[in-house]
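**Q** coords below, sequence missing:
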């Protein structure tokens, strides 16, 4: 994945900015959403916030 020296670095100002950055990074690395979630250690199951 990208680091601070990479052109794929971001300073998001909103959730939409973060989503756009992650989408661009994922596409650049040819990863699916599931593969990126696995690489980052995120569980993609939806959880109830209550």
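**A** Yep, it's here. If you're wondering where the values come from, they're calculated on a predicted model, not measured in any experiment. Numbers count the residues shown, from 1 in each chain.
**Q** Tell me where the model's unsure across the protein.
**A** Along the chain, segments meeting pLDDT under 70 span 1-10, 44, 46-50.
**Q** let's see 50
**A** Along the chain, the model assigns pLDDT under 50 to residues 1-2.
**Q** biggest helix in it, by residue count?
**A** In the chain, taking DSSP state H as the definition, the longest helix is helix 15-28.
**Q** ok, the closest residue in space to residue 32 that isn't next to it in sequence - contacts?
**A** Spatial nearest neighbour of residue 32, chain neighbours left out: residue 26 (7.6 Å); criterion: Cβ to Cβ, 6 or more residues apart in numbering. Using the backbone N, CA and C atoms, a C-beta is placed for each residue, glycine as well. Contact analysis of residue 26 by Cβ atoms under 8 Å, 6 or more residues apart in numbering lists 32, 33, 36.
**Q** related to what we said a few turns ago, buried stuff in the longest helix of the chain?
**A** By neighbour count on 16 or more other Cβ atoms under 10 Å, the buried set for helix 15-28 is 21, 22, 25, 26.
**Q** want to try JSON lines for those residues, with distance to residue 40 as columns?
**A** Converted to JSON lines, the buried residues of helix 15-28 look like this (distance: Cβ to Cβ, whole Å):
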{"residue": "21", "distance to residue 40": "13"}
{"residue": "22", "distance to residue 40": "9"}
{"residue": "25", "distance to residue 40": "10"}
{"residue": "26", "distance to residue 40": "10"}
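**Q** so which of these comes closest to residue 45?
**A** residue 22 (18.2 Å; Cβ to Cβ).
**Q** Could you pull up the contacting residues of that closest one?
**A** Residues in contact with residue 22, defined by Cβ under 8 Å, 6+ apart, are residue 36.
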